[in-house]
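1. please work out how this folds:
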Amino acid sequence: MGDYQPTAFKGDPSVPHADESNFKAFIGGAWGFVAFSYLSDLMDPRPKYTPDYVLAAAEESHRRKCQKKGVQYKSILQVREEKFPKMEKQRKLWTVERLM
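-> Reported below is the predicted structural model:
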């Protein structure tokens, strides 16, 4: 009784079907496409943290520290301009000249 395996039902014989090799090629191609798309993500990982995200996290941390200390909040760019005014003026001039 364990040796008995009935043939698989392949649908109504009056309806045209593709042969088994074409079906396997289609399924194999679909599987290959999915595997290739996931494999490319594994081989070329994207950075977890973008520079914008890191800057936003630093800015948020700075804001919280200012609130804890009771100091008026200044953005990181404002603090840098106060500490290094000459360098900021040179940087602004350079960017304006370069953009024009």
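
2. how's this protein carved up into domains?
-> Listed by automatic domain parsing, the domain ranges of the chain are 19-48, 51-99.

3. what is the mean pLDDT for the first one?
-> For domain 19-48, the mean pLDDT works out to 83.

4. the domains of the chain: which one's closest to Lys10?
-> domain 19-48 (8.7 Å; C-beta to C-beta). All C-beta spots, glycine's among them, are computed from the backbone N, C-alpha and C.

5. same list, the domains of the chain, but as a markdown table with distance to Phe9 and mean neighbour count please.
-> Formatted as a markdown table, the domains of the chain follow (distance: least, C-beta to C-beta, whole Å; neighbours: other C-beta atoms under 10 Å):
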| stretch | distance to Phe9 | mean neighbour count |
| --- | --- | --- |
| domain 19-48 | 14 | 9 |
| domain 51-99 | 55 | 11 |
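
6. rebuild those domains as CSV, extending it with distance to Gly11.
-> CSV is the format used below for the domains of the chain (distance: least, C-beta to C-beta, whole Å):
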stretch, distance to Gly11
domain 19-48, 11
domain 51-99, 53
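
7. look at the most centrally placed residue in the chain and tell me its secondary structure.
-> Nearest to the mean C-alpha position of the chain, by C-alpha atoms, centre = their mean, lies Arg46 at 5.9 Å. The three-state label given to Arg46 by DSSP: H, G, I helix; E, B strand; the rest coil is coil.
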